[in-house]
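S.K.: Sharing a model prediction with you, sequence too.
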Amino acid sequence: MLKNFKVTIFTFMVFCIQQVSAQGCSDAGFCSVGNPFKAASTEKKNLIEIGGVYGIGEEDVTIFSPYASYTRLFTDKFAVNAKLTGTVANGSFGTRSNVGDVFLTGNYKFNPDASNLKWSGLLGVKIPLTAGNDKINTISLPMPYQSSLGTFDIIGGLEASVKKWDFNIAAQIPLNDNKNSYLSSLSPTDKFDSTNLFHRKSDVLFRSTYSIVLLNEKLTLKPNALFIYHLGNDSYVNQFGNSVEIANSDGLTINGNIIANYKIGDNSNIETSLATPFVVREVRPDGLTRAFTFGLSFKQGF
């Protein structure tokens, strides 16, 4: 049975990799905001995590996004997490690296002693460390090269846990436009969408996750599906100062993801993830398109 399961997982990974030439996805950040109670050890109140995610974006732009986070469990009901991100993007425009965003989130358990259905809520903010207008040789870069969307966002969500299943609903709401100044009409290529003073609509998410525990509880596999709906068409300001709606930039993205978490000590573990989209929005001007992503992180509780 275990052999057949390994074959199934391997087949899923191969299928994911085979999709890279045709797919894309969109994640403004809230997909990676997890439940700190599950991430941290029940015996330890502090958790640090260091990791990175590698992905292939539009027009073969490669993106590496390192991050570091700290979680503090104050009680069995309340926890706080702080996360710092960065990005190194490389493509035909050149290479650009910068810090990205700070995520500050709080998580509250409504019924920590429940034996079956458990509920928790999350509320937080995404604080940009750049205006989304990084440049090379004074030339503004399109959004796939930007380390941040350049927007202050509010993030809120709920999680329900039933035995080995977790279900999440969440929303991410931008509060401002960024300061990007890229216009495809003034660029030597028309491969990227114009995003001058980019106005991005909100996203909502639904995620279902199933946990499979193996190897005497040392290895946990978490296949999950993410449904992200972009609530409207984005827009930009053209060279004449007029707002232009970007047609077909709203709609649904469906991502498939598998996470593998391996315990290497009582309070430490290594986690990997592999994700690819199966359904995408027709137009994705925000630069968040990924043909696939691979992530690796180390977690230590203390």
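M.R.: Sure, I can see it. Residues are numbered from 1 along each chain as shown.
S.K.: end-to-end on stretch 140-152?
M.R.: 21 Å (CA to CA, to the nearest Å).
S.K.: Now do it, average pLDDT.
M.R.: Averaging pLDDT along stretch 140-152 gives 95.
S.K.: Please point out which parts of that stretch sit buried.
M.R.: Ser140, Leu141, Pro142, Met143, Pro144, Tyr145, Gln146, Ser147, Ser148, Leu149, Gly150, Thr151 (16 or more other CB atoms under 10 Å). To be clear about C-beta, it is placed using only N, CA and C from the backbone, and glycine gets the same treatment.
S.K.: Can you tell me which of the residues you listed end up in strands?
M.R.: Judged by DSSP state E, strands contain the following of the buried residues of stretch 140-152: Ser140.
S.K.: Just give me the closest of the buried residues of stretch 140-152 to Gly124.
M.R.: Nearest to Gly124 out of these is Thr151 (CB to CB; 14.2 Å).
S.K.: How about the secondary structure of the residue lying farthest from the centre of the chain?
M.R.: Ranked by distance from the centre of the chain (CA atoms, centre = their mean), the top residue is Phe240, with 34.2 Å. Using DSSP: H, G, I helix; E, B strand; the rest coil, the secondary structure recorded for Phe240 is coil.
S.K.: Make residue 1 into 36 and carry on from there
M.R.: I'll keep to 36 as the first residue from here, and by that count the last item is Phe275.
S.K.: Now it: phi and psi?
M.R.: Per-residue torsions, Phe275: phi -100, psi 0 (degrees, to the nearest 10).
S.K.: Then Glu93?
M.R.: phi -60, psi 150.
S.K.: What residues does it make contact with?
M.R.: The contact partners of Glu93, by CB atoms under 8 Å, 6 or more residues apart in numbering, come to Gly59, Pro179, Lys226, Phe227, Arg319, Gly322, Thr324.
S.K.: distance of it from Val318?
M.R.: 11 Å (CB to CB, to the nearest Å).
S.K.: If you tally nearby residues, what's the number for Ser243?
M.R.: The number of residues packed near Ser243 is 13, by other CB atoms under 10 Å.
S.K.: Excluding chain neighbours, what is closest to Asn273?
M.R.: Val279 (5.2 Å; CB to CB, 6 or more residues apart in numbering).
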